[in-house]
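In: Here is a sequence together with a model predicted from it:
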Amino acid sequence: MSNAVEISASREAWAIAQEYASTLFTALQKERAQRETPEALSQTAPEEGARPVSERLLRVVDGVAVISIGAPLDTTSLVGWFSGDILVLGHDAIREAVNAALADTGVRSILLSIDSPGGVVQGTKELADFLADAASQKPIAAYANGLCASAAFWLASACGRIFAPATALVGSIGVIMCVSDWSDFYAKMGVKLEYITSGRYKAAGHEAKPLSDEDRAYFQAQLDILHGIFKQDVRGRLALDAPESDWAEAQLLVASQAQPLGLVSRIVRDEEEAINLLAEEMGMSQITMELLAKEAPELLAEIQVSARAEGKAEAEAQAAKAAEDARAQVMGLLRAVAGEEVTAKVEQLASVGVTPEQLAALAPWLEKPAKPDATPQDDKDAEARNKALEAITAAHGAPLPGGEAPKNRKNALVADAERRAAAAREQRKA
């Protein structure tokens with residue numbers, strides 16, 4: 001077996017670390033055999049085994065709902081009839097436990113404490129999406145309590161952050177399928193199985209026929225799609241930027257090795273420290289203005305002063321940007337009306353503090369070079385512009401910011417406009 005997420009044609013395959021495989025399947029076989037005996041029919045399940053699995057997963061510590069995920073994963077749970085142990089943990093039980101924690105007003109955050117080798121692909125993506133949505137209602141984190149592999153790591157990544165002790169094992173981001181070929185055995189036993197199918201791949205992967213190249217390609221395409229979904233979820237929810245070859249080839253990594261890659265958010269001592277971290281975070285978020293006013297008025301005053309200063313700075317920055325945008329618009333208008341030469345002069349003037357309002361008023365009236373074939377109407381327009389410039393100067397004659405302007409010095413723009421108008425008149429007289 002493997003510690004990667006596994007699917008198979010038999011629909012009864014697991015993705016578990018090798019050291020756990022024989023123990024698990026021996027227990028499952030024993031459980032099934034016991035349930036078929038007459039003694040099993042005459043006995044009732046132990047009290048612990050009769051409790052709903054979701055209730056057994058959940059406990060609350062200091063406002064943190066700790067949900068223990070400590071078994072291989074499948075869509076539904078399997079509980080030992082005689083032992084009451086959870087042999088296989090179902091997605092449905094995990095979902096119910098999380099929903100209970102979300103509904104409990106005494107729960108402020110949720111910790112998934114995971115010690116699982118993984119499980120089936122079917123339903124894992126959907127459960128991970130559910131956990132990611134739940135994180136928008138209450139803070140959620142995962143704790144790698146020894147082993148957090150494959151499908152179990154898929155669920156942990158949905159929380160957005162993973163705590164782990166330095167020696168925990170995490171990762172195994174991969175997909176595997178096991179196809180059994182018993183055809184040689186059946187041939188030696190004199191058994192020949194014939195499959196009659198409708199559909200090209202209906203008998204693909206069945207145990208009595210060798211796997212053809214076409215069948216292999218068919219299954220490989222499925223696995224590649226599932227692996228891609230798995231990698232995309234982990235990369236997005238843990239914000240990974242390390243190369244996929246470092247973490248997405250089904251490697252099982254020690255937590256201290258996985259942290260630099262982003263697979264582990266923080267190394268902690270144990271589950272208790274992970275719980276305390278979440279409790280402290282929520283404790284800080286519960287601090288209110290009223291509590292500060294009562295317990296630490298000096299701190300509250302300092303926070304308020306800082307907030308006002310930040311607000312003022314933000315307002316000034318917004319005003320400066322608005323002024324710069326207005327100036328840029330005026331310069332564009334000026335360039336269209338008066339050309340590059342005059343615009344360059346005005347930009348030089350603007351650099352010492354002329355206001356956008358002054359520029360906006362001046363722009364439509366700046367004199368263009370006189371035309372050789374000017375008409376009487378052109379003369380009237382030029383005189384009108386000159387008078388307008390004088391009126392504008394009277395209205396906006398305050399010194400430019402940054403210095404005191406001489407009282408007997410004409411505005412440079414007005415002087416330039418007067419010079420152009422006089423030149424035009426002299427040219428027409430000649």
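Out: Great, that's in hand. Residues are numbered from 1 along each chain as shown.
In: quick one: low-confidence ranges for the protein?
Out: Within the chain, the ranges that satisfy pLDDT under 70 run 1-50, 283-296, 300, 304, 307, 330, 333-334, 336-339, 349-425, 427-430.
In: Could you list the domains of it?
Out: 5-179+213-285, 298-429 (automatic domain parsing).
In: Counting by contacts, list what the helix or strand that contains Phe163 packs against.
Out: In the assignment (DSSP states H and E), Phe163 maps to strand 162-164. Under the contact definition 3 or more Cβ pairs under 8 Å, 6 or more residues apart in numbering; DSSP states H and E, strand 162-164 sits against strand 140-149, strand 266-267, helix 271-285. Any C-beta I mention is one placed from the backbone N, CA and C, and that applies to glycine too.
In: Between those, which shows the greatest average number of neighbours?
Out: strand 140-149 (a mean of 27; mean count of other Cβ atoms under 10 Å).
In: What ranges does the stretch 151-300 of the chain have for its strands?
Out: 162-164, 169-171, 175-177, 252-254, 266-267 (DSSP state E, counting those that start in this stretch).
In: Dump the ones you listed into a markdown table; add distance to Glu324 as well.
Out: A markdown table is the format used below for the strands of the stretch 151-300 of the chain (distance: least, Cβ to Cβ, whole Å):
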| stretch | distance to Glu324 |
| --- | --- |
| strand 162-164 | 46 |
| strand 169-171 | 51 |
| strand 175-177 | 55 |
| strand 252-254 | 51 |
| strand 266-267 | 43 |
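In: Name the stretch among those strands that sits most buried.
Out: Taking mean count of other Cβ under 10 Å, strand 162-164 is the most buried of the strands of the stretch 151-300 of the chain, at a mean of 28.
In: Grab the nearest non-local neighbour of Asp85.
Out: In space, Asp85 comes closest to Val79 once its chain neighbours are excluded; the distance is 7.0 Å by Cβ to Cβ, 6 or more residues apart in numbering.
In: what's the one you found sitting at in phi/psi?
Out: phi -110, psi 140 (degrees, to the nearest 10).
In: Is it in contact with Ile86, as I believe?
Out: Yes. Between Val79 and Ile86 a contact is recorded at 5.7 Å, counting by Cβ atoms under 8 Å.
In: who touches both of these two?
Out: Counting by Cβ atoms under 8 Å, 6 or more residues apart in numbering, the residues touching both Val79 and Ile86 are Val53.
In: Please identify which of the strands of the stretch 151-300 of the chain is closest to Ala132.
Out: strand 162-164 (13.6 Å; Cβ to Cβ).
In: can you tell me which residues contact Ala135?
Out: Ala158, Cys159, Gly160.
In: so how many other residues sit close to the second one?
Out: Each residue near Cys159 was counted by other Cβ atoms under 10 Å, and the total is 25.
In: hmm, back to that, reformat the helices and strands packed on strand 162-164 as a markdown table; add distance to Glu244.
Out: A markdown table is the format used below for the helices and strands packed on strand 162-164 (distance: least, Cβ to Cβ, whole Å):
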| stretch | distance to Glu244 |
| --- | --- |
| strand 140-149 | 17 |
| strand 266-267 | 23 |
| helix 271-285 | 28 |
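In: To Gln318, which of the ones you listed lies closest?
Out: Of the helices and strands packed on strand 162-164, nearest to Gln318 by Cβ to Cβ is helix 271-285, at 29.3 Å.
In: one step back: what is the neighbour count of the residue nearest to Asp85?
Out: 23.
In: Packing partners of the helix or strand that contains Leu111?
Out: Leu111 belongs to strand 109-116 when assigned by DSSP H and E. Counting by 3+ Cβ pairs under 8 Å, 6+ apart, the packing neighbours recorded for strand 109-116 are strand 64-69, helix 91-103, strand 140-149, helix 151-158, helix 271-285.
In: what lines up beside it in the sheet?
Out: Take DSSP bridges as the rule and strand 109-116 pairs in its sheet with strand 64-69 (parallel), strand 140-149 (parallel).
In: didn't Gly174 look like it was pressed against Gly228?
Out: No. In this structure, Gly174 is not within contact of Gly228 by Cβ under 8 Å, at 11.4 Å.
In: more neighbours, those two?
Out: When Gly174 and Gly228 are compared for neighbours, Gly174 comes out ahead with 24 against 12, by other Cβ under 10 Å.
In: number of nearby residues for the residue nearest to that one when sequence neighbours are not counted?
Out: Using Cβ to Cβ, 6+ apart and skipping the chain neighbours, the partner closest in space to Gly174 is Ala250 (2.8 Å). By other Cβ under 10 Å, the residues close to Ala250 number 20.
In: wouldn't Ala250 be in contact with Ala149 here?
Out: No. Using Cβ under 8 Å, Ala250 makes no contact with Ala149, being 9.4 Å away.
In: picking that back up, alpha carbons only: can I get the strand holding Leu111 in PDB?
Out: C-alpha atoms of strand 109-116 as PDB (Å, rounded to 0.1, in the frame of the first residue of the first chain):
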ATOM      1  CA  SER A 109     -12.300  29.000  16.900                       C
ATOM      2  CA  ILE A 110     -11.800  25.500  15.700                       C
ATOM      3  CA  LEU A 111      -8.700  23.200  15.600                       C
ATOM      4  CA  LEU A 112      -8.600  20.000  13.600                       C
ATOM      5  CA  SER A 113      -6.200  17.700  15.400                       C
ATOM      6  CA  ILE A 114      -5.200  15.200  12.800                       C
ATOM      7  CA  ASP A 115      -3.400  11.900  13.200                       C
ATOM      8  CA  SER A 116      -4.400  10.100  10.000                       C
END
